[in-house]
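Student: All I have is the shape, not the residue letters:
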């Protein structure tokens, strides 16, 4: 699976042969689409005021994995020719995503993203707040170029949900009275919503019937939830984490993700209190200890079971539509995530 | 004039009889409209995720002056009955404005706005960034409810310009190599754009002919520039400033506004260097000294002359359209600003 924050390098051009083949199967056919997307994103620069173009250019870097655009293209797949309407929708969702990254990095106080300084570090937090705003605003300007206002409505609506999810997550940092349902609610909003929108827009713009548009949207939503669970697993079990470089950034920042929730459930009361103190910041995070406990208590298996339930639900959404061109391609994308999970399992053992 | 940031209390329900009468002449006829606007804004709460409704409610406080909504209502004036389409547009521009205030207060590190804690102080800067985003997003969702996407396009486009203006202003803080043209460019973007949009939307939604829509938009733009100049004058010459409470906040925050630019031009080289050091933060701001120098060198007159040029340009835009119902009302609004300036002149002497 080609993207995993906050650990750059986890996943794209995967090292494992199965994942690498899966990656090529999906992204290989999208090369021309991604070139057109990059050209479209570059073209947007001139829509910004001259004084801020260099800053916007800095944010629209082309090193991202373009996962959401891929969902737009695949959901709207007809004959492999990049369609202008789909390219624009891909640019819209990517701009929304980039705007959220700019604002996320301010909140996380992050120095680097994709091996470069974050916009907040490069231009200052104040300018980064406004730069994110300008990116949001431009994504909506672009969405308003379709003949009907429903695309704009969908994008604005999803953007609000993404922000709501991030707000709830931000306010919960350091708190431990969080349930599994709370966790799923946040990732549904902050991550799955934009995956859902991407699939919905792709299918809608390719003029598929409403029932398939809804099915594709449901697929996107379940895939997004699965993807966020994967991302949260990688924070403990990923390759960079093996060498201890960025182990447990979620624990350190007080984010009670599913692996930590599952661990919490499996610890005796005393250990649970100690972990709660680490999450609330009262005690220093013991990431290595927690990882060892996760291994001992089978957390990886429990969490991947949840993830795989979501992948199964994603596939089930598409089951009635196997004859449509997007479906086998979308399923290859969820297979790719599955193979990444399998590769992670081998490392997690 | 009913609004003056960053000095709450300057202007609404003005103390001077002429200004008070002018205020009543404009806002008296808008009472029902403003009630409907408030109801519409309250109705929006349910569109936000339950977890963030209380925070959004806190931001949509009803103590604001609703200047931009007034421009929507007056530009679209027909027979005094609040029209749903205009009420929604008024809500859209007010939400965009409120979102910019939420983000401005983060950057300014402001504690209070309208005598209450800012969202940033109340919920933390991180949540406030996202809360502003959610307000922006919802304003666009609302704008996407019109049958054609052009309203959404206009709003998103203006929002980007407002952000661009704020970015440029932010990056220039503390720098002194700023020209009069630079100043006008920033206020055109950060303030006049939303005034322009408000008039454009009002006239457009009331189905006035294109030429009048353009004329109303030009009126709004010039009024917005005049209004920002007034706001920058108030920072030195306003009533609260007389008692020294918030004198020269622009100087203290390194913002080279028109009064300071005009003073800079009128100071001998040595004093100019000292003022530059205050703006760049190398020296403590000498606000009282600078105010005295402004009085001695006639800065108030020079700056109000610029302001009045904008008001004249605003009125001239509407000259060919005197027979249309909105025009006398819009002119009363610019007269109101003029009477506020006159009242300020009496205090500035």
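Tutor: Good, I have the coordinates. Treat the numbers as computed from the prediction; the structure is a model and nothing was measured.
Student: Only C-alpha atoms from now on, for both contacts and neighbour counts.
Tutor: Noted.
Student: Can you name the residues that contact the spatially closest residue to residue A:175 that is not a sequence neighbour?
Tutor: Spatially, and ignoring its direct neighbours in sequence, residue A:175 is nearest to residue A:280 (5.8 Å; Cα to Cα, 6 or more residues apart in numbering or on different chains). Neighbouring residues of residue A:280 by Cα atoms under 8 Å, 6 or more residues apart in numbering or on different chains: A:173, A:174, A:175, A:176, A:254.
Student: Just the buried ones out of the residues you listed, please.
Tutor: Buried residues within those, counting neighbours by 16 or more other Cα atoms under 10 Å in any protein chain shown: A:173, A:174, A:176, A:254.
Student: And what about the second one, helix, strand or coil?
Tutor: Three-state assignment for residue A:174 (DSSP: H, G, I helix; E, B strand; the rest coil): coil.
Student: Let me have the buried ones among the contacts of residue A:280 in JSON lines, extended by pLDDT and distance to residue B:276.
Tutor: As requested, these are arranged in JSON lines below (pLDDT from 0 to 100; distance: Cα to Cα, whole Å):
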{"residue": "A:173", "pLDDT": "91", "distance to residue B:276": "43"}
{"residue": "A:174", "pLDDT": "93", "distance to residue B:276": "44"}
{"residue": "A:176", "pLDDT": "92", "distance to residue B:276": "51"}
{"residue": "A:254", "pLDDT": "92", "distance to residue B:276": "44"}
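Student: Closest to chain B out of those?
Tutor: Among these, residue A:173 lies closest to chain B (Cα to the nearest Cα), at 11.2 Å.
Student: Would you check that that closest one makes contact with residue A:255?
Tutor: Yes - the criterion here is Cα atoms under 8 Å, and residue A:173 meets it with residue A:255 at 5.3 Å.
Student: what residues do the two have in common as contacts?
Tutor: Common neighbours of residue A:173 and residue A:255, counting by Cα under 8 Å, 6+ apart, are residue A:279.
Student: Apart from its chain neighbours, what residue comes closest to residue A:307?
Tutor: Distances taken as Cα to Cα, 6+ apart put residue A:226 closest to residue A:307, at 4.8 Å, once the chain neighbours are dropped.
Student: what helices or strands is whatever helix or strand the one you found lives in leaning on?
Tutor: Using DSSP states H and E, residue A:226 sits within helix A:210-237. Applying 3 or more Cα pairs under 8 Å, 6 or more residues apart in numbering or on different chains; DSSP states H and E, we find helix A:210-237 packed against helix A:180-187, helix A:193-205, helix A:249-252, helix A:258-266, helix A:299-318, helix A:326-348.
Student: If you count neighbours, what's buried in that helix?
Tutor: Using 16+ other Cα under 10 Å as the test for burial, helix A:210-237 gives A:212-237.
Student: and what of stretch A:110-130?
Tutor: Residues of stretch A:110-130 classed as buried by neighbour count (16+ other Cα under 10 Å): A:110, A:112-113, A:118-121, A:125-130.
Student: and the residues you listed, which of them are in helices?
Tutor: Among the buried residues of stretch A:110-130, the ones falling in helices (DSSP state H) are A:119, A:120, A:121, A:125, A:126, A:127, A:128, A:129, A:130.
Student: Relative to residue B:254, how far out is the second one?
Tutor: It refers to residue A:120. 20 Å (Cα to Cα, to the nearest Å).
Student: Same question for the last one.
Tutor: Separation of residue A:130 from residue B:254 (Cα to Cα) stands at 18 Å.
Student: Could you do residue A:102 as well?
Tutor: Look at residue A:102 and residue B:254: by Cα to Cα, they are 25 Å apart.
Student: cool, residue A:70 as well?
Tutor: Distance from residue A:70 to residue B:254, by Cα to Cα: 45 Å.
Student: got it, and residue A:239?
Tutor: 47 Å.
Student: how many neighbours does residue A:187 have?
Tutor: Residue A:187 has 23 neighbours, counted by other Cα atoms under 10 Å in any protein chain shown.
Student: do the one 3 residues further on as well
Tutor: Here the neighbour count serves as a burial measure; for residue A:190 (other Cα under 10 Å) it reads 27.
Student: Tell me who's in contact with it.
Tutor: Per Cα under 8 Å, 6+ apart, neighbours of residue A:190: A:161, A:162, A:163, A:164, A:165, A:166.
Student: Under the pLDDT cut-off, which ranges of the stretch 201-349 of chain A? List them.
Tutor: The model of the stretch 201-349 of chain A has pLDDT under 70 over residues A:241-245.
Student: Can you check the distance spanned by stretch A:143-156, start to finish?
Tutor: OK, stretch A:143-156 end separation, Cα to Cα: 9 Å.
Student: Equivalent analysis for stretch A:174-185, please.
Tutor: 17 Å.
Student: How about stretch A:235-255?
Tutor: End-to-end span of stretch A:235-255 (Cα to Cα): 11 Å.
Student: Could I get the buried residue list for it?
Tutor: Buried residues in stretch A:235-255, counted by 16+ other Cα under 10 Å: A:235-241, A:246-255.
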